[in-house]
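Asker: output the structure for:
(2 chains)
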2 protein chains.
Amino acid sequence: MMKTIEGGICAAKGFKANGIHCGIRKNKSKRDLSLIVSDVKATAAAVYTTNLVKGAPIFVNQKHLADGHAQAIICNSGIANTCNADGIEKAEAMGQLVEDALGINKDDVIVGSTGVIGMPLNLTPIANGMAELVAGLDYDNSGLAAEGIMTTDTKKKEIAVSFDIDGVECRIGGIAKGSGMIHPNMATMLVFVTSDVAITSEMLQKAVSEDVKTSFNMISVDGDTSTNDTFAVLANGMAGNKLIDSEGEAYDKFCEALHKVSVYLSRKIAGDGEGATKLLECKVTGGKTDEIAKKVAKSVICSSLTKAAMFGADANWGRVLCAIGYSGADVDINKIDVSFKSVKGTIAVCHNGAGVDFSEEKAKEILLEKEIEILVDLNDGGFDATAWGCDLTYEYVKINGDYRT
Amino acid sequence: MMKTIEGGICAAKGFKANGIHCGIRKNKSKRDLSLIVSDVKATAAAVYTTNLVKGAPIFVNQKHLADGHAQAIICNSGIANTCNADGIEKAEAMGQLVEDALGINKDDVIVGSTGVIGMPLNLTPIANGMAELVAGLDYDNSGLAAEGIMTTDTKKKEIAVSFDIDGVECRIGGIAKGSGMIHPNMATMLVFVTSDVAITSEMLQKAVSEDVKTSFNMISVDGDTSTNDTFAVLANGMAGNKLIDSEGEAYDKFCEALHKVSVYLSRKIAGDGEGATKLLECKVTGGKTDEIAKKVAKSVICSSLTKAAMFGADANWGRVLCAIGYSGADVDINKIDVSFKSVKGTIAVCHNGAGVDFSEEKAKEILLEKEIEILVDLNDGGFDATAWGCDLTYEYVKINGDYRT
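Answerer: Numbers count the residues shown, from 1 in each chain, chains lettered A, B, ... in the order given. Model prediction:
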């Protein structure tokens, strides 16, 4: 029985964390440096942005994770360490600071940075903050680490679940930051997950690579694929289960728990998109192929016009149909049904590609809620897909009109 | 010598136009029905949206233009006549109303509709308005026709040029409406162009299809490809030039004049995007191929984050580089230079993919202007491309949060 538990990134056995304000961000009330450490070396796997412009930490992580192992994650917010001539050198230096402070080989350190692109990263506040950061490491500090990686996020994002494999209780938990520049693939900006499951690095990478296809790669805040997106998982084996080294029941249970964590964090990232007032969930059914269902769901979630209509609680379903039409997916427009759903009920607005009479009053009541489902039935096959996004608001424009100052 | 002249859609010999308020739109100060008529039958060519969801008028126009000829254009605003079960029937009926009023065969009528998708088009106000619409047809009414096709546009868009072919003076002029749901391909929503040049329908279609690649298909307001985009050209031959029936100097002169008109209208559509305060022009040079240069220019113009930064006059060039990185174009990030330019000067902000020191004060001064050029040199070959867009503003969200009411 899988169940949600407290503890976030520290819920799994043997993981300590901390987050402090070291001075990269001007606002002293904002934490800007996080550290996550496993008591023992863990298997590790990650996926990264597909943007050709990649943050310097990504090159360093690809090197450090080549052997499938890591023991710590250090991450700053405020500066992305991207498009700087000396970025890789500085990302390596962050690993070295962890080695100096904790004796963990720098090649076993995952490095993350998020914030403004193109401004140089100042290592001095990080170096000066290491003593405080390490001193505060604790098995109960997931929340502080979650805060330390936030930029324009308004809420910290953490979750953990427990589940059992062959009678052995295992845990998996994670933290995430999202907000802006969020778009498949990868969509996450930064997601760090820890687990005490014993699993080989090959199987862990397989699980992670499979998982993102229906979690983080199905969210979009603004269509801008970030340069620094990283989804990294550490599994230290301290739960004591029999090592997962192949597919089977134990692997499936791990994947199920991982997916619970990743979908929860995906929804949190989408719902806390820059300026968002609503979480949008587009559920597509009846697609001819998996790819068609995914393309349609993503296209609807990415449509600026649909997003703005949702902000205004306007049941302008023509924009949903328009977004399906330009998605590039092979669909039969004349078979499509569309409904809007929230806790206030469900209302059908389009049948067989044409409008149906509906109560504008009821539609308004449904769309004024904070979580909206856009239900699209393609009536053309057996494949489904879900994508997550948010509305487009004045606040998004405000945040991004003057981000750097 | 090509020169800009007055007269818009009526500048070419033998074209009358009018625009009235017939009652499709509630606001009586907004014209909502336009008519353009050639004294004689003209060759005609058009290109349409690539959206799978197509407005009913497009199916009708494809049929009517199959023979390469037309004599009139009727177009309403307020309702798109899209996603309605009886849409095609109603679009045909609009052609019939022109036949009844003017004796022009309905198969020679181009029909246009723009506005809300999925709401039924009421033909009664159009039928009732025909007498007034026809009575007011005049060789000097381009402005009224331009107003009659506007939706959320804030400015009417018209232009005309004269040029000579073998010593014969010829004219070409057009009107356009844009504003929202504007994105390649096609990007126009509605553009109607008239000319008195004598040209075969084959050569006219060739000219139109070639022209859009570097004009209307290079603009984006919001990434949403409209369902009703149409770019239609009528050429009635009344200038008296020798019929253009093949490539050569005369054809090139016609294409040059057409491009002057289409680029002018493209810029006007982009600069008058919904809520826009600025025209953005992304000029890419040094691409390895034409396709690469175009992809990069479009990706920059479409980036919500770049658009919001331009609204805030924030020289956040990292977002430009980010948009290049996810464009899907094969570029070498480490060779890229970026500058911002306006009437206040030019400022280099990125060299070889990394930031350079620049005066934030000077950058602000440049970016506070109403027309901004984003100059991207890929330093990787000889292909250039230009794309046009606008900033992302509070007003865009406001307009689209409650469009239907």
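Asker: didn't A:Leu97 look like it was pressed against A:Asn128?
Answerer: No. Applying Cβ atoms under 8 Å as the test, A:Leu97 and A:Asn128 come out as separate, 10.2 Å apart. No exception for glycine: its C-beta is placed from N, CA and C like everyone else's.
Asker: the more surrounded of these two?
Answerer: A:Leu97 (22 against 12; other Cβ atoms under 10 Å in any protein chain shown).
Asker: now do the SS call for the more buried one.
Answerer: Under DSSP: H, G, I helix; E, B strand; the rest coil, A:Leu97 falls in the helix class.
Asker: and what of A:Asn27?
Answerer: Once three-state DSSP is applied, A:Asn27 turns out coil.
Asker: that one: neighbour count?
Answerer: 8.
Asker: now do it against A:Lys90, distance only.
Answerer: 22 Å (Cβ to Cβ, to the nearest Å).
Asker: one more: A:Gly318?
Answerer: Look at A:Gly318 and A:Lys90: by Cβ to Cβ, they are 49 Å apart.
Asker: between the two, which has more neighbouring residues?
Answerer: A:Gly318 (28 against 21).
Asker: that one belongs to a strand?
Answerer: No. Remark: A:Gly318 does not belong to a strand; assigned using three-state DSSP, it is helix.
Asker: interface residues of the stretch 1-150 of chain A facing chain B?
Answerer: A:50-54, A:80, A:82-85, A:116-120 (Cβ under 8 Å from any Cβ of the partner chain).
Asker: do that again at 6 Å, thanks
Answerer: Within the stretch 1-150 of chain A, the positions near chain B by Cβ under 6 Å from any Cβ of the partner chain are A:Asn51, A:Leu52, A:Val53, A:Cys83, A:Ala85, A:Ile117, A:Gly118.
Asker: give me every residue that touches A:Ala385.
Answerer: A:Val284, A:Ala293, A:Lys294, A:Ala297 (Cβ atoms under 6 Å, 6 or more residues apart in numbering or on different chains).
Asker: just put these in CSV and tack on distance to B:Leu279 and neighbour count.
Answerer: CSV is the format used below for the contacts of A:Ala385 (distance: Cβ to Cβ, whole Å; neighbours: other Cβ atoms under 10 Å in any protein chain shown):
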residue, distance to B:Leu279, neighbour count
A:Val284, 36, 28
A:Ala293, 38, 27
A:Lys294, 35, 24
A:Ala297, 33, 28
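Asker: just flag the most distant two among those.
Answerer: Farthest-apart pair in the contacts of A:Ala385 is A:Val284 and A:Lys294; separation 7.8 Å (Cβ to Cβ).
Asker: point me to the residue of the stretch 101-250 of chain A nearest chain B.
Answerer: Minimum separation of the stretch 101-250 of chain A from chain B (Cβ to the nearest Cβ) falls at A:Ile117, amounting to 2.7 Å.
Asker: please report how far the nearest residue to that residue once chain neighbours are set aside lies from A:Asn51.
Answerer: Nearest residue to A:Ile117, sequence neighbours excluded (Cβ to Cβ, 6 or more residues apart in numbering or on different chains): B:Gly318, at 2.7 Å. Note on B:Gly318: its distance to A:Asn51, by Cβ to Cβ, is 12 Å.
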